[in-house]
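Participant: Give me a 3D structure for the following:
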Amino acid sequence: MLYLISFGLWRNWAIYLAPIEGIILGPGPGFLAALLGSSIPRIAMLDPLFIFGIVAEPVSVLSVGWLSRGKWKPVLAIYAAMLSAYFLHPFGRQLPLWTIIDVLVALFIIYPAAKLSNSLLSKNVRRLSMVFVSLAFVCTATDALARIFLLIPIGLHVLVFPDFNVLQTVFIGSALSSYIEDALVILVSLFAGVPLLIATTKLGMFPEKNQKTKQ
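Facilitator: Residues are numbered from 1 along each chain as shown. Next up, the predicted model:
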């Protein structure tokens, strides 16, 4: 539903719900839920670029699901593989580094976010907010990284852009929009995501036993 009503900044408003999806459902069910939620509307609407969302959104939820359970190694492996492939590609070395700064920042947040994931059950709202915003930021950055991975190393750019110059122009413009989107995700996480997480925790939807599985 969020995909169908989305407009303005961000490709799909589901990105605002994705952190909650990963935290509550965990990596397995969260991934499947995001896969269904990203696939059905895109196929129904005959989105020509459906593959980007169908891959990126479930991977971002999967990452948050792992981090919220204290597992940082699988997420780090995803980032290492995708970023390595990006920088090994000629286009990845030619595109400005500042266009993926948010992804690089998220890379360094992965470990501390996982280690502080117990704070998702904290009654300290400030501490809870800090961890939740960190997870939400990693979520949106992972979504962006997966799309970049498909576009550049996998080579889907040949289906969209006629040459590198056009790709570079659009890539830079998209990076500027992406940073605005990052800020929006943080704001929505603080004012809507945190209260929603607190409510679901009180309802027992995120039991403490889920926090026992540590990497």
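Participant: can you give me the helices in the protein?
Facilitator: Taking DSSP state H as the criterion, the chain carries its helices at 2-5, 18-25, 27-44, 50-68, 73-88, 90-94, 101-115, 125-151, 164-188, 194-202.
Participant: Ranked by average pLDDT, which of those falls at the bottom?
Facilitator: Mean pLDDT is lowest for helix 2-5 among the helices of the chain, at a mean of 69.
Participant: who wins for proximity to residue 12 among the helices of the chain?
Facilitator: Checking those against residue 12 by C-beta to C-beta gives helix 2-5 as the closest, at 4.9 Å. (C-beta placed from N, C-alpha, C; glycine too.)
Participant: and the gap between the residue most central in space within the chain and residue 73?
Facilitator: Closest to where the C-alpha atoms of the chain average out (C-alpha atoms, centre = their mean) is residue 139, at 2.6 Å. Counting by C-beta to C-beta, to the nearest Å, the gap from residue 139 to residue 73 is 18 Å.
Participant: So residue 139 is in contact with residue 18, correct?
Facilitator: Yes: using C-beta atoms under 8 Å, residue 139 is in contact with residue 18, at 5.1 Å.
Participant: so what's in contact with these two at the same time?
Facilitator: Overlap of the contact sets of residue 139 and residue 18 (by C-beta atoms under 8 Å, 6 or more residues apart in numbering) consists of 60-61, 64.
Participant: so which of these is the most crowded?
Facilitator: Greatest neighbour count in those, by other C-beta atoms under 10 Å, goes to residue 61: 34 neighbours.
Participant: OK, contacts around it?
Facilitator: Residue 61 neighbours (C-beta under 8 Å, 6+ apart): 18, 21-22, 25, 30-31, 33-34, 139.
Participant: swap in residue 133?
Facilitator: With contacts defined as C-beta under 8 Å, 6+ apart, residue 133 is in contact with 186, 189-190.
Participant: And residue 79, by the same measure?
Facilitator: 103, 106-107, 110, 142, 145.
Participant: Just the closest of those to residue 51, please.
Facilitator: Of the contacts of residue 79, the one sitting nearest to residue 51 (C-beta to C-beta) turns out to be residue 145, at 15.2 Å.
Participant: any idea how far the residue lying closest to the closest one once chain neighbours are set aside is from residue 41?
Facilitator: Nearest residue to residue 145 in three dimensions, chain neighbours excluded: residue 103, at 4.8 Å (C-beta to C-beta, 6 or more residues apart in numbering). Counting by C-beta to C-beta, the gap from residue 103 to residue 41 is 26 Å.
Participant: cool, residue 182 as well?
Facilitator: Relative to residue 41, and taking C-beta to C-beta, residue 182 is found at 24 Å.
Participant: sorry, back to before: hmm, which of the contacts of residue 133 are the buried ones?
Facilitator: Buried subset of those (neighbour count, 16 or more other C-beta atoms under 10 Å): 186, 189.
Participant: Can you get me a residue count around residue 176?
Facilitator: The number of residues packed near residue 176 is 11, by other C-beta under 10 Å.
Participant: can you give me the offset of stretch 183-194 from its chain's centre?
Facilitator: Counting by C-alpha atoms, centre = their mean, to the nearest Å, stretch 183-194 is centred 14 Å from the centre of its parent chain.
Participant: now stretch 24-43
Facilitator: Counting by C-alpha atoms, centre = their mean, stretch 24-43 comes out at 13 Å from the chain centroid.
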